[in-house]
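K.L.:
give me a 3D structure for the following:
(4 chains)
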2 protein chains.
Amino acid sequence: MRTPNSANVISIASLKIACGECSLRNLCLPLDLDANDMRALEATVKNHRKLSKGEYLYRVGDPFHALFAIRTGSTKNCEIAADGSVQITGFHLPGELLGLDAISSEQHPCDVVALETTEICELPFAKLESLAHELPSLQHQLLRLMSREIADEESQLLMLGRMKAEERLAVFLLSFSSRLQRLGNSSTVLHLPMSRQDLGEYLGLALETVSRLFSRFQEEKLITVQGRNVTLLDVERLKNISENFLPSQNARS
Amino acid sequence: MRTPNSANVISIASLKIACGECSLRNLCLPLDLDANDMRALEATVKNHRKLSKGEYLYRVGDPFHALFAIRTGSTKNCEIAADGSVQITGFHLPGELLGLDAISSEQHPCDVVALETTEICELPFAKLESLAHELPSLQHQLLRLMSREIADEESQLLMLGRMKAEERLAVFLLSFSSRLQRLGNSSTVLHLPMSRQDLGEYLGLALETVSRLFSRFQEEKLITVQGRNVTLLDVERLKNISENFLPSQNARS
DNA sequence: CGTGTGTTTGAACAATGTCAATTGGTGTGG
DNA sequence: CCACACCAATTGACATTGTTCAAACACACG
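P.N.:
Have a look, this model is predicted:
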């Protein structure tokens, strides 16, 4: 069931879109580059891949040679325990970078799976690194992105270590909503690309607990639920529930 | 109760020790630098600070301007929730770097507190960054260190999200033991610098649960406990207990 | 020798997980 | 177009784990 490497790499030229024209350029590697630098960056973007729902971008142990950026779609990041239990360490949306956790060991420490049809840009790391050496602002940006990832995961640790089930779901709904909003979607009418199982594996809960919480939130008129379509009805009260969370550093800047 | 800034900065000259002569040089920023580069790195190390037990190196919201490396002693990294509950996201030992989570927002997202008398080197980030621009191997090393931090925290997420209490403690004991060993200490006779409360806040458990687990592990002849002095008696069985954990990526390289 | 902080231990309770049955929605083939 | 099969989601009953509250203890420090 390995990802078939050749089958999915569609003609590079046909798919290649310049970073300068990409609608995500401000999210992905938000730099103020001049035209020259932008061309250099574009030259490092190797090609685009298209993953179908359920397909793997890479797996635990795969050798690391590139970072990936999501153009469209969404993915999950799965850490796998020896007994088979799974912890999803993050969901990723367009404009976000994948693979930062693999630079150190040069092997991917987790699986990345597409939650729906997903388009990916590949950034060969050696090229990116040498370009960063030439462009201080790119070096700075890379360090910032990694730092942000660390800070986000520390918040996530607080969630898994200290928050109760309903707080976790409220935090997730609000944070996912604001991420979708930043991509130009509604902040209250959400379509979740992941299953209840995925959510449970992300929130550190049994899928049944997640399902019950959705039902209870609906009873309490906090949200409306129809399967994976969720509408936030009372954002204020959701914020109250989640407010065990960090005071200041909460928002994804 | 803010850290008194001036009182603890003892005469810089008297404390300053060259990186090239530091016993931690292979842990802290393990580079193969020539004499020139080493001098440049040393020049960026601003000064040394000494913290007493319980003193803060920095607090949530403090402006970020430097990374810190531990020379001796140990610290804890505390993420604080609005309701006052605390999640410790990591303990740090000599040779390890602090503050990587603050680069992005330029504010520290967590508190760092000394668990015992602790000596710290300060690495002003602007200097470090511009030096990294000149020395590709330093740039690479910084990216590696941050990547490692991300990967470690993802393992931690698996622990908090999926492991049972006894597995968490077993993982902690083994991992802390191997970190101490790397510093030249015994791998089986440990002195823990943190309280049961700290451990609970790190492992996502009540302190009473941690205490009970120590007692149970002792009954089962896995370890010997006398307060904070712990001896590992049966490392094999501890490994079995913790083996829910990652198959390969577990070890701290 | 007393005081205080950290640790251990016990018992009752609450939260969440597990197992199992049911429902609902979707796509396929008759 | 309907019937069936399949998978995701819901719901209920019960078991388990870990928390909470409370008390006793122990060691270090003045």
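
K.L.:
wait, A:Lys221 sits on A:Leu233?
P.N.:
Yes - between A:Lys221 and A:Leu233 there is a contact under C-beta atoms under 8 Å: 5.8 Å. In this view, the C-beta of every residue, glycine as well, is placed from N, C-alpha and C.

K.L.:
pull out the buried positions in stretch A:183-203.
P.N.:
Using 16 or more other C-beta atoms under 10 Å in any protein chain shown as the test for burial, stretch A:183-203 gives A:Leu190, A:Leu192, A:Pro193, A:Met194, A:Arg196, A:Asp198, A:Leu199, A:Gly200, A:Glu201, A:Tyr202, A:Leu203.

K.L.:
oh, I was asking about stretch A:208-216
P.N.:
Buried-residue list, stretch A:208-216, by 16+ other C-beta under 10 Å: A:Thr209, A:Val210, A:Ser211, A:Leu213, A:Phe214.

K.L.:
and chain B, which of these reach it?
P.N.:
Cross-checking the buried residues of stretch A:208-216 against chain B (C-beta under 8 Å from any C-beta of the partner chain) gives no overlapping residues.

K.L.:
which residues touch the residue nearest the centre of chain A?
P.N.:
The residue lying closest to the centre of chain A (C-alpha atoms, centre = their mean) is A:His92, at 1.4 Å. A:His92 makes contacts with A:Ile70, A:Ser74, A:Thr75, A:Lys76, A:Asn77, A:Leu98, A:Val112, as judged by C-beta atoms under 8 Å, 6 or more residues apart in numbering or on different chains.

K.L.:
closest to DNA strand D out of the buried residues of stretch A:183-203?
P.N.:
Nearest to DNA strand D out of the buried residues of stretch A:183-203 is A:Arg196 (C-beta to the nearest atom of the strand; 3.7 Å).

K.L.:
now do the same contact list for the residue lying closest to that closest one once chain neighbours are set aside.
P.N.:
Excluding its sequence neighbours, the residue lying closest to A:Arg196 (C-beta to C-beta, 6 or more residues apart in numbering or on different chains) is A:Leu207, at 4.6 Å. A:Leu207 is in contact with A:Ser195, A:Arg196, A:Gln197, A:Leu199, A:Gly200, counting by C-beta under 8 Å, 6+ apart.

K.L.:
what helix or strand is A:Arg39 located in?
P.N.:
Per DSSP states H and E, A:Arg39 falls inside helix A:35-44.

K.L.:
which outside residues touch that helix?
P.N.:
Taking C-beta under 8 Å, 6+ apart as the rule, helix A:35-44 contacts A:18-20, A:29, A:31, A:33, A:123-124, A:127-128, A:131, A:134-135, A:137-138.

K.L.:
quick one: buried residues of stretch A:79-91?
P.N.:
A:Glu79, A:Ile80, A:Ala81, A:Val86, A:Gln87, A:Ile88, A:Thr89, A:Gly90, A:Phe91.

K.L.:
what about the fifth one, distance to B:Ala206?
P.N.:
Distance check for A:Gln87 against B:Ala206: by C-beta to C-beta, to the nearest Å, it reads 22 Å.

K.L.:
now swap in the first one and tell me
P.N.:
Here the criterion is C-beta to C-beta. By it, A:Glu79 lies 25 Å from B:Ala206.

K.L.:
near DNA strand D, which residues of the stretch 51-200 of chain A?
P.N.:
Residues of the stretch 51-200 of chain A lying near DNA strand D by C-beta under 7 Å from any atom of the strand: A:Ser195, A:Arg196, A:Gln197.

K.L.:
surely the second one and A:Ser211 touch.
P.N.:
Yes - counting by C-beta under 8 Å, A:Arg196 sits close enough to A:Ser211 to count as a contact (5.3 Å).

K.L.:
just to revisit the earlier point, farthest-apart pair in the buried residues of stretch A:79-91, please.
P.N.:
Maximum pairwise distance in those, criterion C-beta to C-beta, is 19.2 Å, between A:Ala81 and A:Phe91.
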